[in-house]
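Participant: fold the stuff below for me.
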Amino acid sequence: MRVLFIGGTGNISSACVERCLQQGHEVAILHRGRHRAGFAGQVREIIGDRNDPTVLAEAAAGRWDVVANFLGFTPDQVERDLQAFAGQVGQYVFVSSASVYQKPPTSYMITESTPLCNPFWEYARNKIACEDRLVRAYREEGFPATIVRPSYTYGPTWIPSGVGGHGYTALGRMRRGLPVVSHGDGQSLWVMTSSADLAVGFVGLFGQRNALGHAFHITSDEVLTWDRIYETMAAAGGCRAELVHIPSEFIAAAHPPWGPGLLGDKAYSVVFDNTKISRLVPEFRATTRFAEGIARSIAWHDADPSRQQIDPDVSRTMDRIIAAYREGLERARPTPGREPRWA
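Facilitator: Residues are numbered from 1 along each chain as shown. From the prediction side, this is the model:
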């Protein structure tokens, strides 16, 4: 098949490009050239801004069996894609997000029929709007759309974290004996998906007429608490995890930029039913246990000291939140014979 990736150099997309190449597909990637593609001589590279109509028209020239869009975040971007690829593509695969599912959820078990609603996070609401436009295009215009909703997916260069974004910071703090914030009581359920595992299901959808008009999430079936995620990271990194449990609402109030991604996604227990993708792509199995995958990610960082960078802003913010929470706890403790200081 002839496959065009809009994106192709990111955490998830690069694994999907690699899977495509392994299966012998002809692959092109449209990207801005800011990151090396890593597939020299194996893919055709189209360098440019996907928001530039001229660049998009060049990419759309000729018929594609599949276009996989990893860089669609707003409805106007999807609208430009509809104009560019109408009649030029056999299947258009849109990468959405599992954050679109109902927040707060009415059930911890998530299926593709779980309602889409996220009042906390604009990113998720924009993804919902993109999905709505594609569903309408499929129903009214026959546009061959398929929607994929990844949850937290990490690759061999990513170390995940519940707050503060991915990167070396959380592990670096643990290795230095510093505490790390674990939101809530640390016992909410979550799944961490290897990008290589996701790629099997993602590429397996290519060319499947039964996938048109449908949405799929593709995640691991290994369910972990957030405390267990951090403890597994620490064990793989040869250190101990000192975890400070702080309510998600407190974190969001103390540092508003972290609020949407926490209250709109990671604060809740979610377990994904992968029956739908497994039925259509029987070869999909999330075989990478988190302990195995995170060990590879840590080994990648340990191979080059320049990769072991603690983000000073994230670290300072974490220190500030922990200090504020501990101060609040101290003030809340009753003193014999004395009213609380705020009384």
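
Participant: the stretch 201-343 of the chain: helices as residue ranges?
Facilitator: 226-236, 248-254, 259-261, 275-280, 290-302, 312-332 (DSSP state H, counting those that start in this stretch).

Participant: which of the ones you listed sits closest to residue 105?
Facilitator: helix 248-254 (14.1 Å; Cβ to Cβ). For glycine as for every other residue, the C-beta is placed from the backbone atoms N, C-alpha and C.

Participant: for residue 281, list the residues it contacts.
Facilitator: Residue 281 makes contacts with 200, 201, 204, 205, 208, as judged by Cβ atoms under 8 Å, 6 or more residues apart in numbering.

Participant: export those residues to a markdown table and tack on pLDDT, distance to residue 176 and neighbour count?
Facilitator: Shown next, in a markdown table, are those (pLDDT from 0 to 100; distance: Cβ to Cβ, whole Å; neighbours: other Cβ atoms under 10 Å):
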| residue | pLDDT | distance to residue 176 | neighbour count |
| --- | --- | --- | --- |
| 200 | 98 | 37 | 20 |
| 201 | 98 | 38 | 26 |
| 204 | 98 | 42 | 21 |
| 205 | 98 | 43 | 23 |
| 208 | 96 | 48 | 14 |
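
Participant: go through these and name the one nearest residue 118.
Facilitator: Distances from residue 118 to the contacts of residue 281, taken by Cβ to Cβ, are shortest for residue 201, at 23.3 Å.

Participant: among the helices of the stretch 201-343 of the chain, show me which one is buried the most.
Facilitator: With neighbours taken as mean count of other Cβ atoms under 10 Å, the helices of the stretch 201-343 of the chain reach their highest mean count in helix 226-236, at a mean of 20.

Participant: which strands and helices sit next to it?
Facilitator: With contacts taken as 3 or more Cβ pairs under 8 Å, 6 or more residues apart in numbering; DSSP states H and E, helix 226-236 sits against helix 169-175, strand 180-183, strand 243-246, helix 290-302.

Participant: ok, residues contacting the third one?
Facilitator: In other words, strand 243-246. 179-186, 227, 230-231, 321-322, 325-326.

Participant: so what's the residue nearest the centre of the chain up against?
Facilitator: Closest residue to the average C-alpha location of the chain: residue 152 at 4.0 Å, with Cα atoms, centre = their mean. Residues counted as contacts of residue 152 (Cβ under 8 Å, 6+ apart) are 160, 190, 191, 192, 193, 266.

Participant: Throw those into a markdown table and include pLDDT, thanks.
Facilitator: Below are those laid out as a markdown table (pLDDT from 0 to 100):
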| residue | pLDDT |
| --- | --- |
| 160 | 95 |
| 190 | 97 |
| 191 | 97 |
| 192 | 97 |
| 193 | 98 |
| 266 | 97 |
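
Participant: and those residues, which is closest to residue 237?
Facilitator: Scanning those for proximity to residue 237, where the rule is Cβ to Cβ, the winner is residue 160, at 12.9 Å.

Participant: count the residues that sit near the closest one.
Facilitator: By the criterion of other Cβ atoms under 10 Å, residue 160 has 21 neighbours.

Participant: show me where the stretch 201-343 of the chain dips below the pLDDT cut-off.
Facilitator: Low-confidence segments of the stretch 201-343 of the chain (pLDDT under 70): 337-343.
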